[in-house]
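Student: Got a sequence here, can you model it:
(one chain, ligands or ions: 1)
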Amino acid sequence: MHEVEVETPLGILLLRVIRHRDGREWRAVRLRNRDWLKNWDATTPPISPGPPPTFAAMVRGLRAETKAGRLIPWVLELDGQIIGQLTIGGITRGSLCSAHAGYWIAKDYAGRGIMTLALGAAIDYLFQQEGLHRVEVNIRPENASSKRIVEKLGLRYEGLRERYLHIDGDWRDHLSFAITHEEVPDGLLARYRAQQLVAEPPSPANLESEKEIVEHAPNSSV
Ligand SMILES: CC(C)(COP(=O)(O)OP(=O)(O)OC[C@H]1O[C@@H](n2cnc3c(N)ncnc32)[C@H](O)[C@@H]1OP(=O)(O)O)[C@@H](O)C(=O)NCCC(=O)NCCS
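Tutor: So this is what the prediction gives:
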């Protein structure tokens with residue numbers, strides 16, 4: 001259910017729905033990254049009563065929402081290890097066909113382009129497999145790394161949402177970015193990868209070795 005694979009510089013990344021047996025590993029990666037995630041983690045406003053749910057209760061709730069078609073709670077798995085999460089929430093059908101995305105990655109894996117690729121693949125999946133029309137990402141103005149992700153993928157800035165989400169213990173302003181299916185008819189990931197090739201043309205050394213490969217290829221027409 002809802003599995004997506006994406007090629008990254010570190011190998012094949014798997015996006016798969018969180019499951020009950022992830023508990024021990026999920027808690028460990030969250031604990032190791034507590035300081036790294038603190039400023040950006042969603043929190044419960046004081047008006048909501050009771051303690052935060054246990055992992056089992058959280059997964060039960062997430063999977064029920066997934067079954068109802070309102071949520072896709074992916075974990076990011078690399079070499080069989082959970083390295084982050086990408087959650088698609090607020091899935092609405094009908095004449096809206098929209099959803100929003102939230103994400104985090106373990107500090108040790110940051111800065112390798114992984115979440116940019118994961119979000120690109122996730123949005124392609126939502127457009128091409130789930131028939132959604134629009135996806136949005138809401139980001140705190142001070143979150144430079146997350147803003148770079150939507151910039152690299154070319155999501156449009158739509159405006160400021162004041163006191164939009166309860167993050168790190170208070171209601172925080174967010175900048176809203178969005179993309180619709182028409183903007184990427186051939187896929188968001190394909191567009192991003194093509195832009196990267198233009199931005200980073202192959203080095204002369206690589207070109208030389210590519211030329212050798214072509215010249216020595218058995219069915220080469222050169
Ligand atoms: C935001 C986040 C998901 C980015 O994931 P990522 O896999 O590192 O994404 P990328 O590798 O594409 O990097 C995006 C930008 O992060 C910045 N960055 C790179 N290495 C970094 C590091 N070690 N620490 C912090 N930021 C870094 C760079 O500006 C980079 O842009 P660049 O490619 O132009 O250099 C990750 O930093 C994270 O999980 N942060 C904490 C939780 C969070 O902010 N979630 C998003 C809430 S909206």
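Student: next one: phi and psi at Tyr60?
Tutor: For the record, residue 60 is Arg, not Tyr. Note on Arg60: backbone dihedrals following degrees, to the nearest 10 are phi -60, psi -50.
Student: Let me see the contact set for the residue lying closest to it once chain neighbours are set aside.
Tutor: Computed as Cβ to Cβ, 6 or more residues apart in numbering, the closest residue to Arg60 that is not its neighbour in sequence is His20, at 8.0 Å. To be clear about C-beta, it is placed using only N, CA and C from the backbone, and glycine gets the same treatment. By Cβ atoms under 8 Å, 6 or more residues apart in numbering, the residues touching His20 are 56, 59-60.
Student: one more time with 10 Å
Tutor: Neighbour list for His20: 55-56, 59-60, 63 [criterion: Cβ atoms under 10 Å, 6 or more residues apart in numbering].
Student: So which bits of the protein are right by the ligand?
Tutor: Residues of the chain found near the ligand (Cβ under 6 Å from any ligand atom) are 37, 40, 103-105, 110-116, 139, 143-146, 148-149.
Student: In strands only, show me these.
Tutor: Counting by DSSP state E, the residues of the chain next to the ligand place 103-105, 139 in strands.
Student: List only buried entries from the residues of the chain next to the ligand.
Tutor: The neighbour count (16 or more other Cβ atoms under 10 Å) marks 37, 40, 103-105, 110, 113-116, 139, 143, 146, 149 as buried among the residues of the chain next to the ligand.
Student: In CSV: the ones in strands among the residues of the chain next to the ligand, plus pLDDT.
Tutor: Conversion of those to CSV gives the following (pLDDT from 0 to 100):
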residue, pLDDT
Tyr103, 98
Trp104, 98
Ile105, 98
Ile139, 98
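Student: Need the max-distance pair from those.
Tutor: Maximum pairwise distance in those, criterion Cβ to Cβ, is 14.6 Å, between Ile105 and Ile139.
Student: Out of the contacts of His20, name the ones that lie in helices.
Tutor: Under the assignment DSSP state H, those contribute 55-56, 59-60, 63 to helices.
Student: among those, which ones are buried?
Tutor: 59, 63.
Student: List the contacts of the closest residue to the ligand within the chain.
Tutor: Nearest residue of the chain to the ligand: Gly111, at 2.4 Å (Cβ to the nearest ligand atom). By Cβ under 10 Å, 6+ apart, Gly111 lies in contact with 105, 145.
Student: for Glu182, same thing?
Tutor: Per Cβ under 10 Å, 6+ apart, neighbours of Glu182: 127, 133-134.
Student: center of this protein, which residue is that?
Tutor: The centroid of the chain falls nearest to Leu119 when counting by Cα atoms, centre = their mean (3.2 Å).
Student: Surely Ser146 touches Ile167?
Tutor: No: counting by Cβ atoms under 10 Å, Ile167 is not a contact partner of Ser146; they are 11.7 Å apart.
Student: shared neighbours, these two?
Tutor: What both Ser146 and Ile167 touch, as defined by Cβ under 10 Å, 6+ apart, is the set 40, 138, 140.
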